[in-house]
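Asker: what shape does this take:
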Amino acid sequence: MTYQITVEPSGRSFEAEPGEAMLAAGIRQGIGLPYGCKDGACGSCKCKKLSGTVAHGPHQEKALSAEEEAQGYVLTCCGVAQSDVVLESRQVTHAGAFPIRKMPARVASLERKSHDVMSVRLQLPANDVMQYHAGQYIEFLLRDGARRSYSMANAPHLLIQPPVAGGAGAPIVELHIRHMPGGKFTDHVFSAMKEKEILRVEGPYGSFHLRDDSPKPMVLLASGTGFAPIKAIIEHMKFMGITREATLYWGGRRPQDLYMDAWIKEQLAEMPHLHYVPVVSDALAEDAWTGRTGFVHRAVLEDFPDLSAHQVYACGAPIVVDSARHEYVAQAGLPEEEFFADSFTSEADKAHTPV
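Answerer: The predicted structure is shown next:
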């Protein structure tokens, strides 16, 4: 027996097997439900249950509190339908989700962007080019069955690189990987990974992408390597000639954490509708930092006390994304459905004791 899951207001529906998480069932049938970690840690997949019964698997309190659950909210990543269910998710808008595929990837180049950020360019198969939205991510499939997720930092139109030495253009995706000391994958990236190494990846994943059909001005909020999908969105805007007003707030602990500051300033010269506010939280005297300081999400509120007519695209550390979501809605009047986010949840975040 299967259960029918209907998503309003789009009217999209799919079937979930007994014991199958609703998110997994939706992905399997091409329904673009929002999600981030897929492990009950970030809350990106949280949506309102309009009817039906859902049982939750292990998850963290910060992702779904007991109070929110009592109000009818569910996490689709660990929520299992016990009957037919109707959900409300305004991010599910169309049937155009790109297929998720597994494929080999060859390391094309490695470039340090800062002391702890590596730009990894992967060459993908040329015979069946992967399609994705700017802002989405892929997962590395490790040999022990573990997975690691990283956003594509280049827009889809830049996937095919120019031919080299007369050869055919190669599909290349760019990733920004931060070193997490002790992390089995990032330790490898920063110590032993070499060009031409073969890895396996799967994607595209995620519902974090620009909503092209809105005329609203945008706030682009990034912390750390959360800049990667924002970079892809900026490239997409430039390529598509999108001239909506957009202000990028990029936060780091010290100035060197804003590892592509020069690149952004180059874009400003060609995109008069794009504005940039770098924010540093822990500058030292030796940094001679004269720009904005403090928490990056708070800098947005200082400049935009009223966000009721805006869209916000936020990506980075869960504490930044979660704080922004709460404060922008509660204090600045941002409509909840106009906050689009992708939390970068590390394995350490996922390891916290679930409820």
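Asker: just the helices in the stretch 151-300 of the chain please.
Answerer: 184-191, 227-240, 261-270, 296-303 (DSSP state H, counting those that start in this stretch).
Asker: may I see these organised as CSV, with mean neighbour count and mean pLDDT added?
Answerer: In short, each C-beta sits where N, CA and C put it, glycine included. Formatted as CSV, the helices of the stretch 151-300 of the chain follow (neighbours: other CB atoms under 10 Å; pLDDT from 0 to 100):
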stretch, mean neighbour count, mean pLDDT
helix 184-191, 16, 95
helix 227-240, 23, 97
helix 261-270, 12, 97
helix 296-303, 19, 98
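Asker: and of these, who's closest to Ser83?
Answerer: Nearest of the helices of the stretch 151-300 of the chain to Ser83, taken as CB to CB: helix 227-240 at 35.9 Å.
Asker: show me what the closest one is in contact with.
Answerer: Residues from elsewhere that reach helix 227-240 (CB atoms under 8 Å, 6 or more residues apart in numbering): 134-137, 150-158, 174-176, 208-210, 212, 220, 222, 242, 244, 246, 248, 250, 258-260, 263-264, 267, 270-271, 274, 313, 315-316, 342.
Asker: now Asp287, nearest residue through space, not along the chain?
Answerer: In space, not counting the residues next to it along the chain, Asp287 is nearest to Pro255; the distance is 5.3 Å by CB to CB, 6 or more residues apart in numbering.
Asker: okay, now the unreliable bits of the stretch 201-350 of the chain?
Answerer: Along the stretch 201-350 of the chain, the model assigns pLDDT under 70 to residues 344-350.
Asker: all strands of it, in order?
Answerer: Using DSSP state E, counting those that start in this stretch, the strands of the stretch 201-350 of the chain run over residues 218-223, 246-252, 274-280, 292-293, 311-316, 339-343.
Asker: now for the second one, which elements pack on it?
Answerer: Secondary-structure packing of strand 246-252 (3 or more CB pairs under 8 Å, 6 or more residues apart in numbering; DSSP states H and E): strand 218-223, helix 227-240, helix 261-270, strand 274-280, helix 296-303.
Asker: redo the ones you listed as CSV? Include distance to Ile31.
Answerer: Supplementary listing: the helices and strands packed on strand 246-252 in CSV, determined by distance: least, CB to CB, whole Å:
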stretch, distance to Ile31
strand 218-223, 25
helix 227-240, 21
helix 261-270, 34
strand 274-280, 32
helix 296-303, 30
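Asker: to Pro18, which of these lies closest?
Answerer: Distances from Pro18 to each of these were compared using CB to CB; the shortest belongs to helix 227-240, at 34.9 Å.
Asker: relative orientation of that closest one and strand 311-316 in degrees?
Answerer: Inter-element angle recorded for helix 227-240 and strand 311-316: 140 degrees (by axes from the mean of the first three to the mean of the last three CA atoms, to 10 degrees).
Asker: how far does helix 227-240 sit from the chain's center?
Answerer: Helix 227-240 has its average C-alpha position 13 Å from the chain's average C-alpha position, going by CA atoms, centre = their mean, to the nearest Å.
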